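# Here you go, sequence then predicted model.
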There are 4 protein chains.
Amino acid sequence: MLVTTRTVAFQEVDAAGLVFFPHFLTYAHEAMEQLFAPLLEGYVGLILGRRIGLPAVHVDAEYSAPLVYGESARIETSVVHLGNRSMVIRYRFVRERDQVLAAVVRHTVVVTDLDKKKSCPIPDDVRRAAEAHLEVEAP
Amino acid sequence: MLVTTRTVAFQEVDAAGLVFFPHFLTYAHEAMEQLFAPLLEGYVGLILGRRIGLPAVHVDAEYSAPLVYGESARIETSVVHLGNRSMVIRYRFVRERDQVLAAVVRHTVVVTDLDKKKSCPIPDDVRRAAEAHLEVEAP
Amino acid sequence: MLVTTRTVAFQEVDAAGLVFFPHFLTYAHEAMEQLFAPLLEGYVGLILGRRIGLPAVHVDAEYSAPLVYGESARIETSVVHLGNRSMVIRYRFVRERDQVLAAVVRHTVVVTDLDKKKSCPIPDDVRRAAEAHLEVEAP
Amino acid sequence: MLVTTRTVAFQEVDAAGLVFFPHFLTYAHEAMEQLFAPLLEGYVGLILGRRIGLPAVHVDAEYSAPLVYGESARIETSVVHLGNRSMVIRYRFVRERDQVLAAVVRHTVVVTDLDKKKSCPIPDDVRRAAEAHLEVEAP
């Protein structure tokens, strides 16, 4: 499990005064980038150098408590399924001020050759980075 | 079914060159605002005037084809479940150039008193606007 | 002068409840894309096909009245200087409900070969599109 | 001078592959929030608690070198003019990999009572936080 923290930015709330709900997916993606930061050249090198990307094919997000400007969430990131070409990453967002669960996001990505525009096997170093945070969910 | 069109903006792609996946939820929210535009004072009046919001409690998004800058999707929006305090809205994104299904988003919202910060029954005019696009899914 | 309209989106306000000020530059860029829409393949083709971009080298923005969620601005776009490799585009934002001037943005762009990463002469069709909205400012 | 660092995010580039130019203003605002973080309750408390905001009335941005995904800039933030109700904040963005100046933003803000929607004198603690980074520019 990788643990990071994210604070809701001034410009990330909406006209109802709450964090705009798509931003949880942005925060999830940021946490995923941290998970793959140990790669040589990092996630940036994976995308821009090796031209391998991890586009989402499925997202499931449950929202249980809102966040407002300036509030922080602890994000607990785990790989809960690791296949040959895809993986499922789960992010639990825990609101820091009261430890209430704010959201759980499940994010299925397919490893993709960005130039050929088709899926490819998970490279060894990407697999190792994922395995370091593997926590297979009970069925 | 409400039909709208959305074109991917210059700033909505990511470093992999594809529309950043959380933006589909933004596009969905924009379509929902259109669905409630027939309200007196519109969705804006609902939020800012009547202080009633529709925060998401669940989102399920399946992504099946990417969009790039300048590509348009036809968005078909239907209310697929209408409860007492919540509803489920489904958005089908069809890529205009080839009619390929790009994404399907299911978006569960709870009608909420933004000042009291608790759920409330769906107001009559909001219900009528939802019913105009009701298409209950087969179980 | 090109006249377009832009409404502040639900997610474009900040925690102070006003449109987040960088978004005026986003709105300006959108208006510029409209100005170049008459190009064969449009602005999208210029960027993705011909790989010619118009990065900003200077922006000057005066803000005189705020906009909130749901408010619309009429955007009056003119090319106020047209050089060999650069141009200055002015955008006047007029708040629709009361015709108050909300902002004036001056945006200097340099025509750039995105692959060579250096400036290039303004292509003839780009120049013609700019000339159609040329309104040289008095010194 | 306050020194912070900002890395261009995956979703902050545009279809030309460069950081979308309005984001420099977002980065500037983030640096300003850091400058006022020493306030009791921070900038968040100023906005949400005391209902005092610092809306922009003028922005001048010179862009001299692009940034791409994953590149970091050192941001040097100084208050270069401190008036009774307004101040000018300057942000110099230095690209970390080669120490090239990427942008300079000058940002004039007016201290504003967000409920009365009018300017107000700079509160003492806000002034002290600004003075800690005062570096008046030669005329």
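Perfect, thanks for sending it. Small disclaimer: the values here were computed from a predicted structure and weren't measured.
# When you work out contacts or count neighbours from here on, use the C-alpha atoms and nothing else.
Fine.
# Give me the neighbour count for A:P22.
22 (other Cα atoms under 10 Å in any protein chain shown).
# Enumerate every residue touching the closest residue to it other than its chain neighbours.
Using Cα to Cα, 6 or more residues apart in numbering or on different chains and skipping residues adjacent in sequence, the residue nearest A:P22 is B:P22, 5.3 Å away. Residues in contact with B:P22, defined by Cα atoms under 8 Å, 6 or more residues apart in numbering or on different chains, are A:22-23, A:25-26.
# Give me the subset of those residues lying in strands.
Counting by DSSP state E, the contacts of B:P22 place none of their members in strands.
# just the buried members of those residues?
A:22-23, A:25-26 (16 or more other Cα atoms under 10 Å in any protein chain shown).
# Now for these: which two are most distant?
Taking every pair in these and measuring Cα to Cα, the maximum separation is 6.9 Å, between A:P22 and A:T26.
# can you list the residues of chain A near chain C?
Chain A comes close to chain C at residues A:10-15, A:17, A:20, A:69, as judged by Cα under 8 Å from any Cα of the partner chain.
# If we use 10 Å, what do you get?
Residues of chain A that fall close to chain C, judged by Cα under 10 Å from any Cα of the partner chain: A:9-22, A:68-70.
# Quick check on the residues you listed: which are buried?
A:9-22, A:68-70.
# Give the rounded mean pLDDT of stretch A:100-111.
In this model, stretch A:100-111 carries a mean pLDDT of 98.
# wait, does that stretch contact chain B?
Yes: judged by Cα under 10 Å from any Cα, stretch A:100-111 comes into contact with chain B at A:103-108.
# does that stretch come close to chain D?
No: interface with chain D: stretch A:100-111 contributes nothing (Cα under 10 Å from any Cα), its closest point being 15.8 Å away.
# Show me how far that stretch is from its chain's centre.
Offset of stretch A:100-111 from its chain centre (Cα atoms, centre = their mean, to the nearest Å): 6 Å.
# Which members of the contacts of B:P22 are positioned in helices?
Members of those lying in helices (criterion: DSSP state H): A:23, A:25-26.
# So what does the spatially closest residue to A:P38 that is not a sequence neighbour have for phi and psi?
Leaving aside its chain neighbours, A:P38 sits nearest to A:A129 (6.9 Å; criterion: Cα to Cα, 6+ apart). Phi and psi for A:A129, reported as degrees, to the nearest 10, are phi -60, psi -40.
# Run through the residues that contact A:A129.
A:35-39, A:79 (Cα atoms under 10 Å, 6 or more residues apart in numbering or on different chains).
# now for the residues you listed, which pair is the farthest apart?
Greatest spatial distance among the contacts of A:A129 (Cα to Cα): A:L39 and A:V79, at 16.0 Å.
# More neighbours: these two, which one.
A:V79 (26 against 16).
# how near is that one to A:R128?
Per Cα to Cα, to the nearest Å, A:V79 is found 11 Å from A:R128.
# likewise A:K117?
Distance, A:K117 to A:R128, by Cα to Cα: 24 Å.
# So between the two, which is more surrounded?
The residue with more neighbours, out of A:K117 and A:R128, is A:R128; 15 against 11, by other Cα under 10 Å.
# Let me know the helix or strand that that one is in.
helix A:124-131 (DSSP states H and E).
# Where does pLDDT dip in chain A?
Chain A contains residues with pLDDT under 70 at A:139.
# so where do the helices sit in it?
Along chain A, the segments classed as helices by DSSP H run A:23-35, A:42-44, A:124-131.
# for A:Q34, what are its contacts?
Residues near A:Q34 by Cα under 10 Å, 6+ apart: A:2-4, A:28, A:42-43, A:77.
# ok so, going back, could I get the helices of chain A as JSON lines with distance to B:R85?
Supplementary listing: these in JSON lines, determined by distance: least, Cα to Cα, whole Å:
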{"stretch": "helix A:23-35", "distance to B:R85": "23"}
{"stretch": "helix A:42-44", "distance to B:R85": "42"}
{"stretch": "helix A:124-131", "distance to B:R85": "40"}
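# Nearest to C:P55, out of those?
Nearest of these (Cα to Cα): helix A:42-44, 22.5 Å.
# Wait, A:L101 touches A:A73, no?
Yes: when contacts are counted by Cα atoms under 10 Å, A:L101 is listed as touching A:A73 (8.9 Å).
# Need the residues touching each of these two.
Common neighbours of A:L101 and A:A73 (Cα under 10 Å, 6+ apart) are A:92-95.
# which of those tops the neighbour count?
Among the shared contacts of A:L101 and A:A73, A:F93 has the most neighbours (other Cα under 10 Å), with 29 neighbours.
# Could you give the bridge partners of the residue nearest to that one when sequence neighbours are not counted?
Spatially, and ignoring its direct neighbours in sequence, A:F93 is nearest to A:I75 (4.7 Å; Cα to Cα, 6+ apart). Note on A:I75: beta-bridge partners by DSSP bridges are A:T4, A:F93.
# buried stuff in stretch A:121-129?
Across stretch A:121-129, burial judged by 16+ other Cα under 10 Å covers A:122, A:126-127, A:129.
# how long is stretch A:66-74 end to end?
Using Cα to Cα, the end-to-end distance of stretch A:66-74 comes to 14 Å.
# That stretch: how far from the chain's middle?
With Cα atoms, centre = their mean as the basis, stretch A:66-74 stands 17 Å off its chain's centre.
# How about that stretch and chain B, touching?
Yes: applying Cα under 10 Å from any Cα, one finds stretch A:66-74 touching chain B at A:P66.
# That stretch near chain D anywhere?
Yes: Stretch A:66-74 is in contact with chain D by Cα under 10 Å from any Cα, via A:68-71.
# Looking at those, which is nearest chain B?
A:V68 (12.5 Å; Cα to the nearest Cα).
# what sits against the closest one?
Per Cα under 10 Å, 6+ apart, neighbours of A:V68: A:7-10, A:12-14, A:16-20, C:15, D:48.
# Determine which two of the residues you listed are furthest apart.
A:T7 and A:A16 (18.0 Å).
# quick one: common contacting residues for A:V79 and A:R128?
Common neighbours of A:V79 and A:R128, using Cα under 10 Å, 6+ apart, are A:L134.
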